[in-house]
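Peer 1: Predicted structure and sequence below. I'll ask about it afterward.
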Amino acid sequence: MCSRILATRQLSQKHTDENIRNAADEILVEFDALRRPGNIYVTNNAANMKAAMKDRSWLGCAGDNLNLVLAHGLKATGPSELGVVSDTEKQNDED
């Protein structure tokens, strides 16, 4: 398996699926990689990215998936339920 980052570009238009797909196609054409068999595209899991990559071999980024799960889990439980104690709570316990 081999992975490549071809380019990063700023998208000045709205980040719609159509605009993202057009920008990605421009980069792929530039590197002669648009229709190469076996290409798999990895992006974050935003709805506009998923829609831009429909009809292509696409995977959501595992790091993005993990970040979403952890952020959701930490928000649901809060620091006190994770055993995190603030300095104020420590001081009150010592008194």
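Peer 2: Cool, the structure landed.

Peer 1: CA atoms for contacts and neighbours, from now on please.
Peer 2: Fine.

Peer 1: Under the pLDDT cut-off, which ranges of this protein? List them.
Peer 2: Along the chain, the parts satisfying pLDDT under 70 run over 76-95.

Peer 1: quick check: longest helix of the chain.
Peer 2: helix 62-81 (DSSP state H).

Peer 1: middle-most residue in the protein, spatially?
Peer 2: The centre of the chain sits closest to residue 44, judged by C-alpha atoms, centre = their mean, with a distance of 2.7 Å.

Peer 1: can I see the domain layout of the chain?
Peer 2: Under the assignment automatic domain parsing, the domains of the chain span 1-60, 62-95.

Peer 1: Return the most buried member of those domains.
Peer 2: Highest mean neighbour count of these: domain 1-60, a mean of 12 (counted as mean count of other C-alpha atoms under 10 Å).

Peer 1: And that domain, how far out from the chain middle?
Peer 2: Remark: domain 1-60 is offset 13 Å from the chain centroid, using C-alpha atoms, centre = their mean, to the nearest Å.

Peer 1: got it, and stretch 60-79?
Peer 2: Centroid separation for stretch 60-79 versus its chain: 12 Å, with C-alpha atoms, centre = their mean.
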